[in-house]
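Visitor: Below are the sequence and a predicted model; questions follow.
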Amino acid sequence: MGKRVIISGGGTGGHIFPAVAIANALKKIDPGTEILFVGANGRMEMEKVPAAGYKIIGLDIQGFQRSSILKNVLLPYKLLKSVMKARSIIKDFKPDAAVGVGGYASGPLLYAASQLKIPYLIQEQNSFAGITNKILGKDAELICVAFKGMEKFFPAEKIRITGNPIRKEAVDIENKRFAAAELLSLSPHKKTILLTGGSLGSGTLNTSMYSGLDKILAADVQLIWQTGKYYYQSVMEQMKGKEHPNIKVLEFLHRMDLAYAAADLVISRAGAGTIAELCAVKKPAILVPSPNVAEDHQTKNAIALVENDAAIMVGDAMAELELIDIALLLIDNKDKCKALSDNIGKMALPDADEVIAREVLRIAKD
């Protein structure tokens, strides 16, 4: 008889992809494992998790809205309601263990699990732990982390450095450069920049890229430009009359492996999931941390790489002015690209999903 596991969290691809990777690893280790996801209504996980083949139940929960105090009026009520619903889900499903990957639903579910004496594991993806995980860490059986120095947030004896689970298919890039170039209608012999703002996209990255487009074309460098769904239409409007065979504008990259395989340099935000993939594919990277995240954790993620000479960081405020100039200088500097590639590769922990899955089964109730 397989174990029953609840996995909670989501909100962005950076939380959902690791959650699904852990679920897949659990199924691989023991196909009899029963898995239930708990997410937040209206968020991306409610669509992506069923698409990956798993059942999900939504909680009516939101995060703290820094931009509008009025929007937080219902937050205590929603939190209480979500904890009550989480308790009900746990009593119905009777899990042997729970996993929290971050995101709005993680807090209520893990809090309910602690009340009902269900052992749980936290998968902290960032180098700076969020307040919810810090509180929940005290009662966790184990905290799986991706960066060193997490003792300042969690009890040292509960920490295990596992790395962040990654989409294996996204980082399988060996011998794919020519196939990638053909599929994207690019030349495999020209230097190529991949710009990705994640599934939702990044306004700063898109604006910076548009501002520096003429410089990229003048340098005869190719560009794979993933805009994200929020920005695709506006970027396409701006690009009218500026189409060029060296520039490929895409809303979403369904074959991330081919985008990575084609790229000589990657420009991205500094989300933990993206960083884990960059480590696995060993690509030189320029990170532009998003300032719109809790505790500015993307900047801390990026600094962890910069300190190991494993990436270059450009501040969000300076990106429009500096990003493309820095990128073009870097892509021409073979020695620097090699050093960044070697150093980021040393930070890879490619089997995080299976390591975490085994820990989940270990802490599960007998």
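Guide: Everything's here; your move. Small disclaimer: the values here were computed from a predicted structure and weren't measured.

Visitor: buried set for stretch 138-157?
Guide: Going by neighbour count (16 or more other Cβ atoms under 10 Å), the buried part of stretch 138-157 is 139-147, 150, 153-154. Backbone N, C-alpha and C define where each C-beta goes, glycine included.

Visitor: Turn those into CSV, columns for secondary structure.
Guide: Shown next, in CSV, are the buried residues of stretch 138-157 (DSSP: H, G, I helix; E, B strand; the rest coil):
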residue, secondary structure
139, helix
140, coil
141, coil
142, strand
143, strand
144, strand
145, strand
146, coil
147, coil
150, helix
153, coil
154, coil
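
Visitor: so which of those residues would you say is closest to residue 185?
Guide: residue 146 (35.6 Å; Cβ to Cβ).

Visitor: show me what contacts the closest one?
Guide: By Cβ atoms under 8 Å, 6 or more residues apart in numbering, the residues touching residue 146 are 124-127, 161-164, 272, 275-276, 349, 352.

Visitor: cool, and residue 365?
Guide: Applying Cβ under 8 Å, 6+ apart to residue 365 gives the contacts 96-97, 118-119.

Visitor: taking the residues you listed one by one, which sit in strands?
Guide: residue 97 (DSSP state E).

Visitor: thinking again about what came up before, export the buried residues of stretch 138-157 to TSV and tack on distance to residue 172 and pLDDT?
Guide: Output for the buried residues of stretch 138-157, formatted as TSV (distance: Cβ to Cβ, whole Å; pLDDT from 0 to 100):
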residue	distance to residue 172	pLDDT
139	38	95
140	32	96
141	32	97
142	29	97
143	29	97
144	23	97
145	25	95
146	20	92
147	24	89
150	29	94
153	33	93
154	32	96
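
Visitor: what would these look like in CSV with distance to residue 17?
Guide: Shown next, in CSV, are the buried residues of stretch 138-157 (distance: Cβ to Cβ, whole Å):
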residue, distance to residue 17
139, 26
140, 22
141, 23
142, 21
143, 19
144, 15
145, 17
146, 13
147, 18
150, 21
153, 23
154, 23
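
Visitor: Going by distance to residue 310, which of those residues wins?
Guide: So of these, ranked by how close each gets to residue 310 (Cβ to Cβ), first place is residue 147, at 12.1 Å.
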